[in-house]
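Chemist: based on what follows, work out the 3D shape:
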Amino acid sequence: SFGFTVLTGVVEEKQSRVVEVVLSTVRPRDLLVGKVIGIGLLALVQIVILVAAGIIAAQISGRMSLPPTTVGAVAQLLVWFILGFALYSTAMGFLGSLASRMEEASNASMPVTMTATACYLASILLVTDDPDGALAMAMTFFPPSAPMVVPLRSALDAIQPWEITLSIVLMLAAIWVMFVVGARVYAGAILQTGSRIRIRDAWRARS
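Modeler: As a prediction, the model looks like this:
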């Protein structure tokens with residue numbers, strides 16, 4: 001949801017030509033990362049409030065007994081929210097720069113939206129049934145699905161510390177690649193107006 005906010009923000013700035021003014025003093029990659037961090041902080045505050053409210057409500061009502069894995073699961077949730085948001089919102093940001101109008105934003109974000117939805121459904125429908133299985137382990141090391149799978153397996157106490165560590169390393173590498181690629185595409189596309197620009201053309205615009 002907040003990744004889509006990054007997307008629409010990029011498109012609105014491009015459509016209104018505000019970005020042309022901003023880029024006179026800020027580098028394109030700095031603008032992209034600033035947008036991701038700013039909206040990410042807002043998203044993080046909201047999810048912390050939601051998680052805290054849920055835990056407090058469970059304790060007060062006495063209707064739910066929190067398992068021993070609660071603290072670790074909450075920590076994993078916050079860590080992986082940050083990592084997942086960084087990956088997906090960076091992708092949404094540079095894909096948004098390819099669109100010139102809000103009407104094109106949904107089509108531009110379709111690859112990211114479909115990937116996130118597929119990973120989410122797979123984690124809920126498949127990993128929950130067999131958190132120790134081969135599919136769950138494979139999705140643990142696949143960056144797009146790791147933000148959904150690792151916290152879930154942690155909550156079910158079905159993951160080893162080395163799996164979490166390796167998954168974080170792979171995720172950080174994926175975020176770095178996404179930012180390097182995304183920053184170049186963003187820089188090449190953000191000032192292009194008219195019809196929707198292709199990723200290849202945006203990439204070449206910065207060569």
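
Chemist: mind listing what's buried in the longest helix out of those in the chain?
Modeler: What stands out as the longest helix in the chain, according to DSSP state H, is helix 28-61. Neighbour-count burial for helix 28-61 flags 28-29, 31-33, 35-36, 39-40, 43 (criterion: 16 or more other Cβ atoms under 10 Å). In short, each C-beta sits where N, CA and C put it, glycine included.

Chemist: now, which of the residues you listed sits nearest Pro161?
Modeler: Gly40 (26.1 Å; Cβ to Cβ).

Chemist: residues contacting the closest one?
Modeler: 2, 82, 85-86, 89 (Cβ atoms under 8 Å, 6 or more residues apart in numbering).

Chemist: now go through those and say which are in helices.
Modeler: Per DSSP H, these map to helices at 2, 82, 85-86, 89.

Chemist: just the helices in this protein please.
Modeler: Counting by DSSP H, the helices of the chain are 2-16, 18-22, 28-61, 70-96, 105-122, 134-140, 146-155, 161-189, 199-205.

Chemist: circling back: could I get the contacts of Gly40 as CSV with distance to Thr128 and pLDDT?
Modeler: Output for the contacts of Gly40, formatted as CSV (distance: Cβ to Cβ, whole Å; pLDDT from 0 to 100):
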residue, distance to Thr128, pLDDT
Phe2, 24, 82
Ile82, 23, 92
Phe85, 22, 93
Ala86, 25, 93
Ser89, 26, 92
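
Chemist: of those residues - the most surrounded one?
Modeler: Ser89 (26 neighbours; other Cβ atoms under 10 Å).

Chemist: Asp157 - how many residues pack around it?
Modeler: 12.

Chemist: please read the previous query as pertaining to Thr117.
Modeler: That count, for Thr117 with other Cβ under 10 Å as the rule, works out to 10.
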